[in-house]
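Enquirer: Structure for this input, please:
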Amino acid sequence: MQVAVDVGPTGNPLLVFLSQGLTGILAPSAKAVTRGAQAAVDYLNDNGGLHGRSVAIEIHDNESDPAGGAEIVRAALQRSPKPDLVIPGASSIEALAAAPVLGEYQVIGLSPASSSALDDPEKYPFFFGQSALQKHILAAVASFMHTHGTTARVAVVTPSDGLGDAINQQLDGAFGPFGITTTQHRYDPASNDYSSTFKQAKATNPDWIYMEGAGNQAATMLVSRVAAGCGYIPSITGTAAGSVPLLDFAKGTNQMDNVWVIMLPTVAYVAPEDRDEQFAAFVAGVEKQGPLEAPLATYAGGWDSVILWADAVKNVHGELTSGAVRHSLINLPPSSRLFYRTTYSADSNFVTAQPDEITVAQVESVRDGMYVTRAPK
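Expert: As a prediction, this is how the structure comes out:
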């Protein structure tokens, strides 16, 4: 279902095409990613476009169905002219379904996906990840747990889908070096109660729980964790869960007690005086579209996907082909983007998060869509 088409200024625009789960379980994150992409397109057009051309945006609702989203992308790429950039969803499961299609039609795709399965330049040469890989995130989590008390066993609670697969495939590599044993517990992502899965996790007597869920799964996860009697077990949410308003879900309850959140860039609060010109433009562009309904970092997933592509386009001198943009992305120098300082390489189509770009903390409030963290005791 086509949701909106904004062709921007007149001329022969470059087209940013979005397939997003604007309805269904991924809606909270998808709507924010879409607004971030719209803000980036507006920002580019307000600053002269790219190589004298305006940038248009076309948005389609994939109803949180990865397979359906891939077919929406395929239909768009069969048109003439094809889109210049595709953002195939807000999650790894959507990107995994669409990445082969992007390669088939040789069109650049960028998204906030984090599955290491996507970081295969030979298999998916035209897909690039805007966020950190699960292996980097999990390594930071394992290090945090190791330095915060005795940790021998971690129960990992994930959905039975591509996101859960991507996490579980990296567990040994992340936790093994610290001598930490992990147990895997999978829940049905279509269910509205994960209590039985958390009870299974509790039965292993873990020192920590690592839990992950995309979109509305995060709310069900918080409720189920407490209902299963796991509230006393220290727990860490993954980045997908942290991309939705956890404090709103838990308002007036004890669901966030003993819960830590992974803090990627723009998740933790940044004071106005510390925001650079692009950060300020990003916030203004998102707020222009309405009140914030998700953590600011989720909007940044859409913004950075567009801005990374735009930076690559700016560095192309000559014919603007997908191959030329791909080469430019691989050779982009680091810059002060919202999320990560490093970019891509011939061996990896994902940014490489630095240690200071992934932190773990408890949250006490939200300010300007960012978490104000609780001071360590």
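Enquirer: before we move on, which element is residue 306 in?
Expert: In this assignment (DSSP states H and E), residue 306 forms part of helix 296-314.
Enquirer: contacting residues for the nearest residue to residue 234 once chain neighbours are set aside?
Expert: The shortest distance from residue 234 to any residue that is not its chain neighbour, by CB to CB, 6 or more residues apart in numbering, is 5.0 Å, and that residue is residue 258. All C-beta spots, glycine's among them, are computed from the backbone N, C-alpha and C. By CB atoms under 8 Å, 6 or more residues apart in numbering, residue 258 lies in contact with 231, 232, 233, 234, 235.
Enquirer: Where does the second one sit, in terms of helix or strand?
Expert: Okay, so that is residue 232. Counting by DSSP H and E, residue 232 is held by no secondary-structure element, helix or strand.
Enquirer: tally of neighbours for it?
Expert: A count of neighbours around residue 232, defined by other CB atoms under 10 Å, yields 10.
Enquirer: pLDDT value on residue 44, please?
Expert: Model confidence at residue 44, expressed as pLDDT, equals 96.
Enquirer: From residue 293, how far out is it?
Expert: Taking CB to CB, to the nearest Å as the criterion, residue 44 is separated from residue 293 by 24 Å.
Enquirer: Looking at those two, which one has more neighbours?
Expert: Set side by side, residue 44 and residue 293 show more neighbours around residue 44, with 23 against 15, by other CB under 10 Å.
Enquirer: isn't residue 238 right up against residue 262?
Expert: Yes. When contacts are counted by CB atoms under 8 Å, residue 238 is listed as touching residue 262 (6.4 Å).
Enquirer: Give the residues shared as contacts by the two.
Expert: Overlap of the contact sets of residue 238 and residue 262 (by CB under 8 Å, 6+ apart) consists of residue 137.
Enquirer: mind checking the SS state of the nearest residue to residue 213 once chain neighbours are set aside?
Expert: With CB to CB, 6+ apart as the criterion, residue 213 has its nearest non-adjacent residue at 4.6 Å, and that residue is residue 221. With DSSP: H, G, I helix; E, B strand; the rest coil as the basis, residue 221 sits in helix.
Enquirer: I'd say residue 221 and residue 238 touch.
Expert: No. Judged on CB under 8 Å, residue 221 makes no contact with residue 238 at a distance of 9.8 Å.
Enquirer: intersection of neighbour lists for those two?
Expert: In contact with both residue 221 and residue 238: 211, 213, using CB under 8 Å, 6+ apart.
Enquirer: returning to that earlier point: can I get the helix holding residue 306 in CSV? Just the C-alpha atoms.
Expert: Extracted C-alpha coordinates of helix 296-314, given in CSV (Å, rounded to 0.1, in the frame of the first residue of the first chain):
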residue,chain,number,x,y,z
LEU,A,296,15.3,10.2,19.1
ALA,A,297,17.9,7.6,18.1
THR,A,298,15.2,5.7,16.2
TYR,A,299,14.5,8.8,14.0
ALA,A,300,18.3,9.1,13.5
GLY,A,301,18.2,5.7,11.9
GLY,A,302,16.3,7.2,9.0
TRP,A,303,18.2,10.4,9.0
ASP,A,304,21.7,8.8,8.9
SER,A,305,20.6,6.3,6.2
VAL,A,306,19.8,9.2,3.9
ILE,A,307,22.7,11.4,4.9
LEU,A,308,25.3,8.6,4.5
TRP,A,309,24.0,7.9,1.0
ALA,A,310,23.9,11.7,0.2
ASP,A,311,27.6,12.0,1.4
ALA,A,312,28.5,9.2,-1.0
VAL,A,313,26.6,10.9,-3.9
LYS,A,314,28.4,14.2,-3.3
